[in-house]
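1. From the sequence below, what's the structure:
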Amino acid sequence: MRSEALAVPHTHDSGARHDPLHSRRPDRPRHRQRDGRGTVLRLARVQCAGPELPWQHRIPPSYRESIKEDGWGGREQDDIAYGAKALIEAGIAEPGKIGVTGTSYGGYSSWHQIVHTPTEWIAAAAPVCGMTDLVVDYETTRPDLRPYSEEMMGGRPDQAPEKYHKASPVNFVQNISGQLLIVQGLNDPNVTPDNVHTVRKALDRHNIEYSVLAFEDEGHGILRPHNLKTLYPALVDFFAAAFGGE
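-> Below is the predicted model:
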């Protein structure tokens with residue numbers, strides 16, 4: 001087994017902006033959709049570390065809500081980085097052979113890790129529909145979601161400009177030295193493609209290499225079976241190349 005690991009931040013935690021319009025039909029009850037990425041990557045002999053839903057539901061609501069003390073990009077991101085460090089110290093993974101991927105807030109977390117965490121801990125990231133510039137995101141997301149951004153960030157961008165700047169990965173892309181694959185649904189009304197357009201300009205300005213995998217018929221998340229047949233092999237190939245695999 002390879003000494004590689006993949007951290008998969010949970011998407012629908014207290015910091016995730018869930019899209020009810022995309023996740024369920026109005027005539028059917030809400031249900032959680034299984035994310036097959038972990039299964040596919042395990043079959044490719046990549047070890048995966050991520051939260052289990054039964055475990056997460058035992059966390060007190062007060063603890064989950066404590067993310068609002070920092071807002072997006074706070075201490076919960078340190079948990080991911082130090083989790084990667086712990087995998088190395090435990091001998092589960094080798095330095096430079098840990099990657100991260102996730103959708104929505106998991107995508108944002110992937111962005112945060114690749115711009116802030118040393119490549120010895122996080123060597124590759126594949127954010128899926130993740131926020132890159134929280135100001136652009138606020139301005140372009142569905143209007144009904146803006147109050148949630150205000151709740152998480154302590155106000156509108158004009159009321160907390162330093163907080164929005166510090167929490168926006170786009171402002172730190174010059175720090176990237178790992179591998180980056182950007183995945184986006186081009187019909188995403190939640191985390192719109194403007195997030196990708198903005199970050200690509202910054203990446204190009206700093207001569208940062210990256211790849212983009214965009215899906216014209218997807219919204220917030222890559223869900224259609226025919227697109228998953230493209231996404232999953234692409235993730236396997238991306239992380240294998242980033243980790244120096246076959």
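
2. Which other helices and strands does the top helix by length along the chain contact?
-> For the chain, the helix reaching the highest residue count under DSSP state H is reported as helix 225-242. When contacts are defined as 3 or more CB pairs under 8 Å, 6 or more residues apart in numbering; DSSP states H and E, helix 225-242 sits against helix 37-43, strand 98-103, strand 124-128, strand 179-185, strand 211-215. C-beta coordinates here come from the backbone N, C-alpha and C atoms, glycine included.

3. and of these, who's closest to residue 60?
-> Nearest of these to residue 60, taken as CB to CB: strand 98-103 at 22.9 Å.

4. Beyond that closest one, next helix or strand please.
-> helix 105-116 (DSSP states H and E).

5. what angle sits between that next one and strand 98-103?
-> Computed by axes from the mean of the first three to the mean of the last three CA atoms, to 10 degrees, the angle separating helix 105-116 from strand 98-103 equals 140 degrees.

6. Could you find the closest non-adjacent residue to the most centrally placed residue in the chain?
-> Nearest to the mean C-alpha position of the chain, by CA atoms, centre = their mean, lies residue 107 at 1.5 Å. Computed as CB to CB, 6 or more residues apart in numbering, the closest residue to residue 107 that is not its neighbour in sequence is residue 130, at 2.2 Å.

7. The one you found and residue 97, how far apart?
-> 22 Å (CB to CB, to the nearest Å).

8. One more: residue 77?
-> Taking CB to CB as the measure, residue 77 falls 20 Å from residue 97.

9. Those two: which has the busier surroundings?
-> residue 97 (23 against 20; other CB atoms under 10 Å).

10. May I have the phi/psi pair for the more buried one?
-> phi -130, psi 40 (degrees, to the nearest 10).

11. can you pull out the helices in this protein?
-> Under DSSP H, the chain gives helices at 20-23, 37-43, 53-57, 61-65, 67-70, 75-89, 105-116, 134-140, 146-153, 161-167, 194-205, 225-242.

12. Okay, angle between the last one and strand 179-185 too, please.
-> Between the axes of helix 225-242 and strand 179-185, defined by the same axes, to 10 degrees, the angle is 170 degrees.

13. buried set for helix 225-242?
-> 227, 231, 232, 235, 236, 238, 239, 240, 242 (16 or more other CB atoms under 10 Å).

14. Please name the residues that touch the closest residue in space to residue 160 that isn't next to it in sequence.
-> Excluding the flanking residues, the one nearest residue 160 by CB to CB, 6+ apart is residue 154, at 4.9 Å. Residues near residue 154 by CB atoms under 8 Å, 6 or more residues apart in numbering: 71, 160, 163.

15. Next, format those as TSV and append distance to residue 59 and neighbour count.
-> Converted to TSV, those look like this (distance: CB to CB, whole Å; neighbours: other CB atoms under 10 Å):
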residue	distance to residue 59	neighbour count
71	19	20
160	27	17
163	25	20
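
16. least confident pick among the residues you listed?
-> When those are compared by pLDDT, residue 71 scores lowest at 91.

17. ok, the residue nearest to that one when sequence neighbours are not counted to residue 193 distance?
-> Counting by CB to CB, 6+ apart, residue 153 is the residue found nearest to residue 71 once chain neighbours are left out, at 4.7 Å. To residue 193, residue 153 is 22 Å away according to CB to CB.

18. Kindly report the same for residue 85.
-> Distance from residue 85 to residue 193, by CB to CB: 33 Å.
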